[in-house]
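*Asks:* Only the shape, not the letters, is given here:
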């Protein structure tokens, strides 16, 4: 019988940008000054704000919370999801 080694991603959220980027197969070194990289950096800030808000509301560390609903799209870096407004941070 073959054993399959899988790397399990923590179910909770993270405060480590490298872990967050790895969800999309990226590394911090992959980011440049192009528009997509700038959008991903903005998404990281939005993600961190959402994680912080959730952690404060639930009195839990990031590793034990899971973003869902309107915040779920922030869990995986993707410049296509970035809005040009701050509505995510203010909701």
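*Replies:* Perfect, I can see it now. Given the structure is predicted, the values throughout are model-derived calculations rather than measurements.
*Asks:* What is the distance between stretch 28-40 and the centre of its chain?
*Replies:* Here stretch 28-40 is found 15 Å from its chain centre; the criterion is Cα atoms, centre = their mean, to the nearest Å.
*Asks:* what is the rounded mean pLDDT of it?
*Replies:* For stretch 28-40, the mean per-residue pLDDT is 91.
*Asks:* Show the pLDDT at the residue nearest to the spatial centre of the chain.
*Replies:* Nearest to the mean C-alpha position of the chain, by Cα atoms, centre = their mean, lies residue 75 at 3.6 Å. Reported pLDDT at residue 75 in the predicted model: 91.
*Asks:* What of the one 3 residues further on?
*Replies:* Per-residue confidence at residue 78 stands at 84 (pLDDT).
*Asks:* just checking, it touches residue 43?
*Replies:* Yes: using Cβ atoms under 8 Å, residue 78 makes contact with residue 43 at a distance of 7.2 Å. (Each C-beta comes from the backbone N, C-alpha and C, glycine too.)
*Asks:* quick one, which of these two is more surrounded?
*Replies:* Shown here are residue 78 and residue 43; by other Cβ atoms under 10 Å, residue 43 has more neighbours (23 against 15).
*Asks:* Determine the three-state secondary structure at residue 39.
*Replies:* In three-state terms, and counting by DSSP: H, G, I helix; E, B strand; the rest coil, residue 39 is helix.
*Asks:* and it, how many neighbours does it have?
*Replies:* 18.
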